[in-house]
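[1] The sequence isn't on hand, but the structure is:
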């Protein structure tokens, strides 16, 4: 079965992709990432188009990037699915854990496009998912936080067992950030041919979120 992965560049889409790649009858053929209207940043995690392209190159799976406003997001997403169906794609992979409204949306969109929707992380325990991510060897760090619940000091934090211990004393925070408390960028792991080359540029406050802006490649020396 040829599938695509709804791609954020973060830990959940990465783990969902990795799980599906372990299935002998599944070929992950494409990564699909929805961008802002200008095509410069991802809608979900605020990662630059260049950083996401570098990540996809390191993973070795073709990346489709499509610009869209929130108003025409569904239309553009459906357009991508129609194109993928013509290329023989039969299913989409999504990294949601338990957001039922989003599951309802992706299942409807996929159904209308004539393909299946799979959510391999659905209803998994948060601790188990983080443990799997870490023990499997994925390297990821926080690039966005909801400033109302996590401060600027969390930007750049590595998702490791020390992070898991910190989450244990913050019961109001979903350990996997499923409610939008934080978003991540994965830069290395068992799927990668080599680590993603990137560097930290600056910390920004954008619409009540702390954002760690990343640059693609190696930082140029001045």
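    Perfect, thanks for sending it. Remember, it's a predicted structure, so these values are computed and weren't measured experimentally. Numbering: from 1, shown residues only.

[2] what about the stretch of helix or strand residue 162 belongs to, distance to the chain center?
    Assigned by DSSP states H and E, residue 162 belongs to helix 161-168. Here helix 161-168 is found 21 Å from its chain centre; the criterion is C-alpha atoms, centre = their mean, to the nearest Å.

[3] and if you look at stretch 151-159?
    How far stretch 151-159 lies from its chain's middle: 17 Å, per C-alpha atoms, centre = their mean.

[4] For that stretch, buried residues please.
    The neighbour-count check on stretch 151-159 (16 or more other C-beta atoms under 10 Å) flags 154-155, 157, 159 as buried. To be clear about C-beta, it is placed using only N, CA and C from the backbone, and glycine gets the same treatment.

[5] Sort out which of those are in helices and list them.
    Among these, no member falls in helices (criterion: DSSP state H).

[6] Let me have these in JSON lines, extended by distance to residue 126 and pLDDT.
    JSON lines is the format used below for the buried residues of stretch 151-159 (distance: C-beta to C-beta, whole Å; pLDDT from 0 to 100):
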{"residue": "154", "distance to residue 126": "17", "pLDDT": "98"}
{"residue": "155", "distance to residue 126": "21", "pLDDT": "98"}
{"residue": "157", "distance to residue 126": "16", "pLDDT": "98"}
{"residue": "159", "distance to residue 126": "12", "pLDDT": "98"}
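
[7] Max pairwise distance over these: which two?
    Greatest spacing in the buried residues of stretch 151-159, by C-beta to C-beta: 155 and 159 (12.8 Å).

[8] which residues are common contacts for these two?
    Contact with both residue 155 and residue 159 is made by residues residue 142, according to C-beta atoms under 8 Å, 6 or more residues apart in numbering.

[9] Could you give the number of residues near residue 31?
    Using other C-beta atoms under 10 Å, residue 31 has 24 other residues around it.

[10] Roughly how far does it sit from residue 64?
    Residue 31 is 7 Å from residue 64, where distance means C-beta to C-beta, to the nearest Å.

[11] quick one: common contacting residues for the two?
    Common neighbours of residue 31 and residue 64 (C-beta under 8 Å, 6+ apart) are residue 4.

[12] Strands along the protein, start to end?
    2-6, 27-35, 63-67, 91-93, 116-118, 139-146, 182-188, 198-206, 209-216 (DSSP state E).

[13] And the second one, what does it pack against?
    Using 3 or more C-beta pairs under 8 Å, 6 or more residues apart in numbering; DSSP states H and E as the contact criterion, the secondary-structure elements in contact with strand 27-35 are strand 2-6, helix 11-21, helix 49-59, strand 63-67, helix 73-86.
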